[in-house]
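Visitor: Prediction below, plus the sequence it came from.
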Amino acid sequence: MENRDTITLKTSSLYRLAYTVPLCGCFLYFTSIMLFGPCVLNLQGVSVNEDLQISFTDSAGKVFLQGYSEFNFGENERAEYCTLQKNDGKSGCLEQPHKQRIEVVVEDSGAEGVSCYQVRREGLACVNQVVKDCYSLAGQHWYGGFEAFSQVWPLKKDVVQPPGVVTDETESQSLDSVQLSFGPYVSGDFGTQGVELENVLENLFFSSTGVGIMVSEESPLYLSFNAHGDQTMCLAATYDNANFFSTLGKPPVLEYTVCKAGNVKEIHSYMRQRFIPKPEGIPNVEVIKYPIWSTWAQYNKEINQSSVAEFADKIQKLKMPCSQIEIDNEWTVRYGDHDFDRKKFPDPKKMVADLNKKGYPVTLWIHPFFSLESESFQEAFQHGYAIMTRGSVNPSLVRWWSGEMAAILDVSNPAAVLWYQKKLISLQDKYNVSSFKFDAGEARYVPYAPNMFGHMTSTNEYATNYAELAYNIDPVNRRQEVRIGWRSQRLPIITRLMDRLSTWDEKAGLRSLIPSTLTLGVIGYPFVLPDMIGGNAYADLITFGRGANPDRELYIRWLQLSALLPVVQFSVVPWVYDDEVVTITKKCLAIREQYVSRILQLAQECVETGNPIIRPLWWVAPLDEQALVTGDEFLVGDDLLVAPIVVEGARKRDIYLPKGQWRDMLRKEAIDGPVFLRDYTVAIDELAHFERITS
């Protein structure tokens with residue numbers, strides 16, 4: 001055998017080697033820090049430090065938005081500059097190699113006095129990882145976003161809480177903000193799903209100090225908003241295969257734009273014009289001019305032909321204005337079928353003809369569900385028109401508000417949409433039905449891991465497609481309504497608030513109406529229907545049965561608040577109370593008649609400007625602190641201020657009038673603002689409202 005050289009390492013040498021290598025690594029790391037400094041971004045108006053704290057500053061160097069980017073570094077690990085990325089005064093990029101990165105670009109806003117920044121957070125590891133940025137909401141009032149079950153205005157009011165342990169006093173201030181726990185940013189239904197995030201939403205948030213944040217609709221957005229009162233909004237992106245679906249297994253990207261303008265009005269105007277589509281027309285003029293009368297709360301599921309006739313006869317006898325009569329739940333034998341139950345409606349053609357002779361067009365309640373016993377379910381099953389179960393030939397089943405299991409229409413399938421539309425057109429042709437009330441359509445009704453004809457990146461797209469279907473069934477008369485909204489602002493149709501409960505509070509009760517209407521307006525949905533006057537009169541939220549009519553005072557105050565909103569809807573009828581309530585109803589409708597031409601003019605202006613019909617007080621006073629936080633008054637346009645009573649038992653309220661001279665339409669006197677009218681008396685049959693004489 002040949003002699004070979006051998007190397008013998010002593011144990012002590014191995015120990016020295018084990019210590020030397022990491023020490024050298026630490027030496028090189030800290031040497032690089034000392035020589036070159038940490039990897040940070042210092043751009044024009046925005047910086048990201050070594051701890052990934054993000055600060056946006058205005059032209060005076062004052063921080064207007066601050067937060068942090070969540071990277072989850074290990075010990076002694078720091079961000080690095082991105083490979084082959086340009087880092088200069090206009091753009092920069094930091095990354096955690098093979099895990100995630102953040103890139104910031106200073107944009108040209110295209111508007112004087114407005115600065116904008118594009119932030120892109122990108123996952124580099126795997127499809128289901130989470131990339132997250134969080135920002136402080138403190139020091140500002142925040143608006144926009146979404147309709148919530150517990151709706152307040154602003155979405156978050158800047159309230160300085162005392163330090164230390166939370167007390168009963170601080171807990172009582174919880175409704176100074178909507179509190180949304182971290183979860184998928186998709187629409188839902190509190191009635192069946194018990195969720196806070198409701199049926200209409202947009203990725204736009206903006207503040208009283210002129211800060212705007214718009215998240216790209218392509219981002220699979222998870223969000224928390226002031227969760228547990230932490231005064232923080234966290235934006236995250238992740239593909240969960242339930243609400244968001246990756247294309248080709250790509251990791252998630254969170255992309256959003258941050259902008260800064262001089263005040264809340266300026267930032268809203270800029271963000272709306274840049275990101276929010278304008279409506280391409282207005283709904284039917286008659287539906288705006290005169291109330292809709294729905295059978296739902298009055299008759300619930302016990303609806304039939306004789307009760308509809310009785311309903312219409314009473315409206316006509318009392319000479320109440322009516323744009324259309326809406327026949328609601330259970331006019332069919334089974335949910336999902338599209339013909340009248342002949343036991344309940346023995347001659348529907350005559351019924352509709354009789355209503356038309358009285359001058360009442362007829363609309364029908366409709367939805368995207370098919371109960372298992374329905375004929376429509378069998379058709380949808382045979383032809384693949386329902387959302388299917390992944391890996392199966394069977395439709396997915398969902399539990400909807402009635403508690404039944406049902407299949408749901410695949411609105412991504414053009415053949416399914418055409419089939420569904422033909423059924424509705426058949427109703428129009430056969431019975432002279434004018435249009436439809438399209439219920440449901442929220443993203444959370446899409447079953448888990450759906451198998452659909454068309455690819456969706458987000459279940460929110462279901463709502464968009466459903467709204468398109470609704471519009472296309474009545475594109476000329478436009479008497480239809482929907483209760484969903486996601487990137488569908490361009491459609492000139494009525495958007496209904498989520499079902500209201502017959503209560504006084506902010507939890508889908510009377511006090512939620514103004515905040516919800518204002519919120520929908522500023523995110524691009526001006527044609528708001530605030531559900532039924534008095535709420536839905538539910539006996540409970542399990543059966544959704546009737547029998548709990550709102551108390552008399554609540555009904556009257558609800559009626560007064562609704563009188564000057566874009567669309568009015570009755571269901572619980574005023575004559576179930578007494579003659580005085582009928583008289584007050586006619587008085588409120590007379591006030592509406594006085595101003596309805598102004599509402600119609602504002603509706604037409606929406607097409608040109610995108611401005612809402614119903615506006616917050618800061619619309620005319622964007623630097624007025626009181627105007628920024630007032631959530632129990634509203635403006636119709638710029639010159640009509642409405643201050644309804646929304647507190648049980650109240651016959652007085654404080655009313656705030658912003659700058660300008662205002663005419664008190666109850667007292668017939670001029671008042672100079674800004675001013676608080678303390679303990680302003682409002683009788684049970686009165687609605688306080690003011691016209692601006694001069695600005």
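Guide: Arrived safely.
Visitor: Which positions in the helix ranked longest in the chain come out as buried?
Guide: Longest helix in the chain, counting residues (DSSP state H): helix 579-609. By neighbour count with 16 or more other C-beta atoms under 10 Å, helix 579-609 contains the buried residues 581-582, 584-585, 587-589, 591-592, 595-596, 599-600, 602-603, 606. Backbone N, C-alpha and C define where each C-beta goes, glycine included.
Visitor: Just to check, Val642 is in contact with Phe634?
Guide: Yes. Shown here, Val642 and Phe634 form a contact pair, counting by C-beta atoms under 8 Å, at 5.5 Å.
Visitor: between these two, which one's more packed in?
Guide: Set Val642 next to Phe634 and count neighbours by other C-beta atoms under 10 Å: Phe634 wins out with 28 against 22.
Visitor: Got the confidence number for the more buried one?
Guide: Listed pLDDT for Phe634 reads 98.
Visitor: residues touching Ile584, list them.
Guide: Residues in contact with Ile584, defined by C-beta atoms under 8 Å, 6 or more residues apart in numbering, are 556, 559-560, 574, 684-685.
Visitor: and it, how far is that from Tyr222?
Guide: Distance, Ile584 to Tyr222, using C-beta to C-beta, to the nearest Å: 47 Å.
Visitor: now Asp531
Guide: Distance, Asp531 to Tyr222, by C-beta to C-beta: 29 Å.
Visitor: More neighbours: which of those two?
Guide: Shown here are Asp531 and Tyr222; by other C-beta under 10 Å, Asp531 has more neighbours (26 against 23).
Visitor: so who does the nearest residue to the more buried one once chain neighbours are set aside touch?
Guide: Ranked by C-beta to C-beta, 6 or more residues apart in numbering and with sequence neighbours excluded, the top spatial neighbour of Asp531 is Arg500, at 4.4 Å. By C-beta under 8 Å, 6+ apart, the residues touching Arg500 are 508-510, 512-513, 530-532, 535-536.
Visitor: Weed out the non-buried ones from the contacts of Ile584.
Guide: Here, 16+ other C-beta under 10 Å leaves 556, 559-560, 574 buried among the contacts of Ile584.
Visitor: worst-scoring helix or strand of this protein, pLDDT-wise?
Guide: helix 168-171 (a mean of 39; mean pLDDT, DSSP states H and E).
Visitor: Tell me the first helix or strand C-terminal of that helix.
Guide: strand 180-184 (DSSP states H and E).
Visitor: so what strands line up beside that next one?
Guide: strand 221-225 (antiparallel) (DSSP bridges).
Visitor: how many other residues sit next to Ala138?
Guide: By other C-beta under 10 Å, the residues close to Ala138 number 15.
Visitor: ok, Thr436 touching Ala470?
Guide: Check again: residue 436 is Phe, not Thr. Yes. Using C-beta under 8 Å, Phe436 is in contact with Ala470, at 7.3 Å.
Visitor: which neighbours do those two share?
Guide: In contact with both Phe436 and Ala470: Gln480, using C-beta under 8 Å, 6+ apart.
Visitor: Who has more neighbours out of the two?
Guide: Counted by other C-beta under 10 Å, Phe436 and Ala470 do not tie: Ala470 has more neighbours, with 25 against 22.
Visitor: Distance-wise, check Pro154 relative to Phe56.
Guide: From Pro154 to Phe56 the distance is 20 Å (C-beta to C-beta).
Visitor: for Trp401, same thing?
Guide: Trp401 sits 43 Å away from Phe56, going by C-beta to C-beta.
Visitor: dump the residue contacts of Ala443.
Guide: 186-188, 243, 458-460, 462-463, 486.
Visitor: Please identify the buried residues of stretch 293-303?
Guide: 293-300, 303.
Visitor: Need those residues in CSV (columns: secondary structure).
Guide: Putting these into CSV (DSSP: H, G, I helix; E, B strand; the rest coil) gives the following:
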residue, secondary structure
Trp293, strand
Ser294, strand
Thr295, coil
Trp296, helix
Ala297, helix
Gln298, helix
Tyr299, helix
Asn300, helix
Ile303, coil
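Visitor: I'd like the residues you listed laid out as JSON lines, including distance to Leu180 and pLDDT.
Guide: What follows is those, written out as JSON lines (distance: C-beta to C-beta, whole Å; pLDDT from 0 to 100):
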{"residue": "Trp293", "distance to Leu180": "35", "pLDDT": "98"}
{"residue": "Ser294", "distance to Leu180": "30", "pLDDT": "97"}
{"residue": "Thr295", "distance to Leu180": "34", "pLDDT": "96"}
{"residue": "Trp296", "distance to Leu180": "29", "pLDDT": "93"}
{"residue": "Ala297", "distance to Leu180": "29", "pLDDT": "89"}
{"residue": "Gln298", "distance to Leu180": "34", "pLDDT": "91"}
{"residue": "Tyr299", "distance to Leu180": "36", "pLDDT": "92"}
{"residue": "Asn300", "distance to Leu180": "32", "pLDDT": "85"}
{"residue": "Ile303", "distance to Leu180": "36", "pLDDT": "94"}
